[in-house]
Structures are given as structure tokens and as C-alpha cells.
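Peer 1: coords below, sequence missing:
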């Protein structure tokens, strides 16, 4: 069993380079299925979710070749299987993007019900609604989502709720549908735009990504393309928050500052100095942190994926902070772990009230989910003592080289591997 061991009490200083956006990559890799040929994708993050999707592509018949750590060549000419196995899909939610791409290319798709982080009901009804309105039939049987269509037809789809996953999945399916598909009440996150840009480079005709209405005119054929993934907004925000939490001074490199505006605004409100360049931001915290209120919302609002990290930062703020979760029903499971460290937090439904300034002490904690795991690291960095974090597989799903990057900022952090048989003997 692997653990992260964090010896805190040090300010983070120096610089860290941000990798490619996980949330864009996990949609762009399934999108390669639409182009019958070779795609070369640059700036892929070295995380478990990406490795799993590459294995899924190989099982379908694609040829996958890693050119280097951040570049992959994918030849989807000979895709033969429209099925994503349960064993590969059970641990990640983004496997469902193969539904849209396989349905568009092969007229059939079978994907296991998605796994990944568990923080409340995350239905796929809007995905299914979109597929069915385009003429597909969708059934869920024995844990598999089975979609079929002899011909997808463009139509007008209004999503009942703003959903990143549904926006991307239906966009994938619409690329080869007959006629014009109009999507309304769509998500506008940077990774939506990145996916649209990649699809257009493959020959798709998509307009309006990043706005309230996306229009996709279906095309008969698409081809492989060479493309570079955008920097990861959430990874960047995580390191920004960690630097601020420890009272450090560091440059976050390889970012798009505009994508970070909602995060930057909240850090500035908390008393953190942020300086911006063309592709970098400097985070410098000299004064004590101030309590703030945060409400998560779809882009361009404050990202739900940054909620646990800023909660960890606000443990050191003076006064009472209030965090309202505006996206998911239950994303506060990680709070119990912060309380184990001495945090004073009360939760009522979608609202968490943080009383800052409590004396934190080291204790064993676990990563309840991907971003909750990041919150444990940030909290551990602020504690004089050794914090051990278990179940770090969640963290490895979405943060590349997390130990090396934090060490580069001066953190005392390492991974230890305790054999399961030793644990059994102790028990």
C-alpha cells in the first residue's frame, strides 16, 4: 500500500511547470476514434486516467506509441471493437466519452457505467438525452451502457442542466451526424474549447465552443491530426493555492492566465499577491490570509474541482470562511479528513463553514477523491509534523509527478510503499 508522507512547516518557493489538462485529454483521446488515421497528441499529462484510456484504445484495435513522456501517436485506422471493458472503465468516469465517438464512427458503442470519484449522484441522463434526440437507442444492461444507431441525425438539443460531460459527449457524436446539431445551455470550460479545436483540426465543423450555444455541422469523414493539449487549469490552481497556504513565493509556469481568473480573484481577495505574465503567474503571500466566501459554479465561475484545495488553504485564514458547493450534491466527504487534523469545519448540505486559525496537528488521513487528496497535501504542508496520506491512487489519477513537483518547490514529501502482507501481520 502506497502512502504520501508530508513533513510540513516549509514555505513553497521557486517554480513549477504545469502539465497538460487532464479534463481535456480524457475527451481528446476518445475523439481520436473519429479520425481514421494517425493523430499525434502533445502535452498529455502523465496520469493514471490517461494511461487507462490509452489501454482502452489498444483493446479496440488502435496502435498506440509513446513518442516521449508527453507525446503519443495513435493510429485508429483499424478500430474493430466498439466495447470498453468494465475492468478498465470501472475506475474512471471519462471512459464514457467513447460512447459519443464510437457511436459516431461505428454506429454502436458499449461502455461500462463510469467509475471515478464518488461525491454524490452524477447522472448521465443528459448524455443519453442527446444521443436519443439524434436517433440513437440507449439501454443500460448489467452495468453496461449500450448505444446503437443506423444513422445519427442533427437536431436541436437543450440540456436541462449545464454538464461538461454531456456537452463533450454529444459534441463527439454530432461530428458525423447528418445535418446541423445545435446544443444549448452547454458548459463553457476551457477543455470544451480545447476538444472543439482538436475536432476541427480533424475536419469537423464546430462553432461556438466557449459560448452558450454550440453548432456542429456533421461531416462524412474525419482524419487524424497533430495537436497540443492546453495547460491544466486545476493543476495550476492547486499549486497556486498550496503556495499561498504555506506563505510562499513561487512562479507557476506553462499556464494560460485567463483560464485562472476565477481562482486568481479569490486568492487576491484572501490577501495573496498575484502577478501575471504571458504564460506564467507568480504567487506571493506575505500578509496573513483573510477569510473569504466561495461559491462554486460552472465556468467562468469558481471551479468545483478547486473547492477542496481552497478549503484547505482557508484553514489558515483569520476569521470565518463560507464555501458553497454549487455543482455537486455531496463534495464535502474530504472534510472529515481535515477535521482529523484539527480543522474547525461544519457542513450543512452544500455549505461548509470554516473557522480559520485552529491549531492543526499531524494525523493519518486518506484521499477520499482526486481533489480531496490534493487538499490533504496542502493541509499537510502547513502542519509542523508528519502527515501520512493513504489511498493516493485518487491523487495519481489526476496529478502528474506530484512528489517531484512539490519537492521542486522545497516541500518535504515522499511516497512510501508498505507491503500489504506486513500490514496484515500487524493487524
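Peer 2: Great, that's in hand. Keep in mind the model is a prediction, meaning the values are calculated, not measured.
Peer 1: roughly how far does residue 347 sit from residue 166?
Peer 2: The span separating residue 347 from residue 166 equals 28 Å under the rule Cβ to Cβ, to the nearest Å. Every residue, glycine included, has its C-beta placed from N, CA and C.
Peer 1: typo on my end, residue 331
Peer 2: 19 Å.
Peer 1: low-confidence ranges in the stretch 101-250 of the chain?
Peer 2: For the stretch 101-250 of the chain, the stretches with pLDDT under 70 are 115-122.
Peer 1: for it, what spans make up the strands?
Peer 2: In the stretch 101-250 of the chain, the strands defined using DSSP state E, counting those that start in this stretch lie at 108-112, 137-141, 144-148, 156-158, 180-184, 205-207, 213-217, 226-228, 249-253.
Peer 1: can you list the ones you listed in JSON lines and add mean neighbour count and distance to residue 398?
Peer 2: As requested, these are arranged in JSON lines below (neighbours: other Cβ atoms under 10 Å; distance: least, Cβ to Cβ, whole Å):
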{"stretch": "strand 108-112", "mean neighbour count": "21", "distance to residue 398": "20"}
{"stretch": "strand 137-141", "mean neighbour count": "12", "distance to residue 398": "27"}
{"stretch": "strand 144-148", "mean neighbour count": "20", "distance to residue 398": "23"}
{"stretch": "strand 156-158", "mean neighbour count": "15", "distance to residue 398": "29"}
{"stretch": "strand 180-184", "mean neighbour count": "19", "distance to residue 398": "26"}
{"stretch": "strand 205-207", "mean neighbour count": "15", "distance to residue 398": "26"}
{"stretch": "strand 213-217", "mean neighbour count": "19", "distance to residue 398": "26"}
{"stretch": "strand 226-228", "mean neighbour count": "16", "distance to residue 398": "19"}
{"stretch": "strand 249-253", "mean neighbour count": "21", "distance to residue 398": "17"}
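Peer 1: tell me which of these sits nearest to residue 29.
Peer 2: strand 226-228 (11.0 Å; Cβ to Cβ).
Peer 1: just put the strands of the stretch 101-250 of the chain in CSV and tack on distance to residue 338.
Peer 2: Written out in CSV, the entries for these read as follows (distance: least, Cβ to Cβ, whole Å):
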stretch, distance to residue 338
strand 108-112, 32
strand 137-141, 36
strand 144-148, 35
strand 156-158, 39
strand 180-184, 38
strand 205-207, 41
strand 213-217, 38
strand 226-228, 37
strand 249-253, 23
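Peer 1: out of those, nearest to residue 50?
Peer 2: Using Cβ to Cβ as the measure, strand 226-228 is the one of the strands of the stretch 101-250 of the chain that comes nearest residue 50, at 14.5 Å.
Peer 1: name every strand pairing with the closest one and say which way it goes.
Peer 2: In its sheet, strand 226-228 lies beside strand 38-42 (parallel), with partners assigned from DSSP bridges.
Peer 1: show me the contacts for the closest residue to residue 313 other than its chain neighbours.
Peer 2: Nearest-residue entry for residue 313: residue 245, 4.1 Å, with adjacent residues in sequence omitted and distances by Cβ to Cβ, 6 or more residues apart in numbering. Applying Cβ atoms under 8 Å, 6 or more residues apart in numbering to residue 245 gives the contacts 289, 312, 313, 315, 316, 378, 379, 381, 382.
Peer 1: one step back: nearest to residue 278 among the strands of the stretch 101-250 of the chain would be which one?
Peer 2: Of all these, strand 249-253 sits nearest to residue 278, with 10.8 Å by Cβ to Cβ.
Peer 1: adjacent strands (with direction) for that closest one?
Peer 2: Using DSSP bridges, strand 249-253 pairs in its sheet with strand 13-17 (parallel), strand 280-284 (antiparallel).
Peer 1: and the first one, what's buried?
Peer 2: It refers to strand 13-17. With burial defined by 16 or more other Cβ atoms under 10 Å, the residues of strand 13-17 counted as buried are 16, 17.
Peer 1: please apply the same query to stretch 270-282.
Peer 2: Neighbour counts over stretch 270-282 (16+ other Cβ under 10 Å) mark 270, 271, 272, 274, 280, 281, 282 as buried.
Peer 1: where do the helices of the stretch 1-150 of the chain begin and end?
Peer 2: 22-31, 48-60, 86-89, 97-106, 125-133 (DSSP state H, counting those that start in this stretch).
Peer 1: redo those helices as a markdown table? Include mean neighbour count and distance to residue 74.
Peer 2: As requested, the helices of the stretch 1-150 of the chain are arranged in a markdown table below (neighbours: other Cβ under 10 Å; distance: least, Cβ to Cβ, whole Å):
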| stretch | mean neighbour count | distance to residue 74 |
| --- | --- | --- |
| helix 22-31 | 27 | 7 |
| helix 48-60 | 20 | 6 |
| helix 86-89 | 17 | 16 |
| helix 97-106 | 26 | 12 |
| helix 125-133 | 20 | 23 |
